[in-house]
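> no sequence for this one, just the structure:
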């Protein structure tokens, strides 16, 4: 695959009111966990690029941003990372599809502070498992329409 410096377009990203399957999935799961989750992002390598980017997010300003080294390390090693940032906790975890193939990392942000790390890790894992059960394949995440 050849990398492109042009912005990603086409069926990969929301066009008008049409959302990708990945974005609809993130919206649905984030809404279900709205009391705990302040951010949910799904990253994956796109069909048009060899770079891993945010393909679905509760923060539209983060769409298409490239994965960090920490994100990629989580995918490579399969070891979740918990980051404390002031009054919030972020969980980075490798996401799989239903067949057990790696999709990419998920990033889940919580309003949890010191002493609540285990709660953040537990809910982060639950969200990852919930997403896994709904993803037939990585390619499906980029589909638009119902």
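On my side now, so go ahead. Small disclaimer: the values here were computed from a predicted structure and weren't measured. Numbering: from 1, shown residues only.

> what sits against the residue nearest the centre of the chain?
The centroid of the chain falls nearest to residue 42 when counting by CA atoms, centre = their mean (1.4 Å). Contact criterion CB atoms under 8 Å, 6 or more residues apart in numbering gives 22, 25-26, 54-57, 95, 103-104, 106, 131, 141 as the residues in contact with residue 42. Placement of C-beta: from N, CA and C, glycine included.

> for the helix or strand of the chain with the lowest mean pLDDT, buried residues please.
Per-element confidence for the chain was summarised using mean pLDDT, DSSP states H and E. The lowest value among helices and strands belongs to helix 69-77, with a mean of 82. For helix 69-77, the buried set under the neighbour-count rule, 16 or more other CB atoms under 10 Å, comprises 71-75.

> equivalent analysis for stretch 85-97, please.
Counting neighbours by 16+ other CB under 10 Å, one finds that the buried residues in stretch 85-97 are 89-97.

> try stretch 112-128
With burial defined by 16+ other CB under 10 Å, the residues of stretch 112-128 counted as buried are 112, 117, 120-121, 123-124, 127-128.

> now do that stretch, average pLDDT.
Taken as a whole, stretch 112-128 carries a mean pLDDT of 89.

> tell me how far it lies from the chain's centre.
The chain centre lies 16 Å from the centre of stretch 112-128; the measure is CA atoms, centre = their mean, to the nearest Å.

> what's in contact with it?
Under the contact criterion CB under 8 Å, 6+ apart, stretch 112-128 has outside partners 29, 33, 36-37, 40, 80, 82, 84, 87-89, 91, 93-95, 106, 108, 110.

> do stretch 64-82 as well
Under the contact criterion CB under 8 Å, 6+ apart, stretch 64-82 has outside partners 7-8, 13, 43, 51-54, 83, 89-94, 102, 104-105, 107, 117, 120-121, 124-125.

> and for stretch 130-145?
Stretch 130-145 is contacted by residues 11-12, 14-15, 18-22, 25, 29, 32, 42, 44, 46-47, 55-56, 95-99, 101, 103-104, 106 when judged by CB under 8 Å, 6+ apart.

> quick one: end-to-end distance for it.
Across stretch 130-145, the straight-line distance between its terminal residues is 21 Å, by CA to CA, to the nearest Å.
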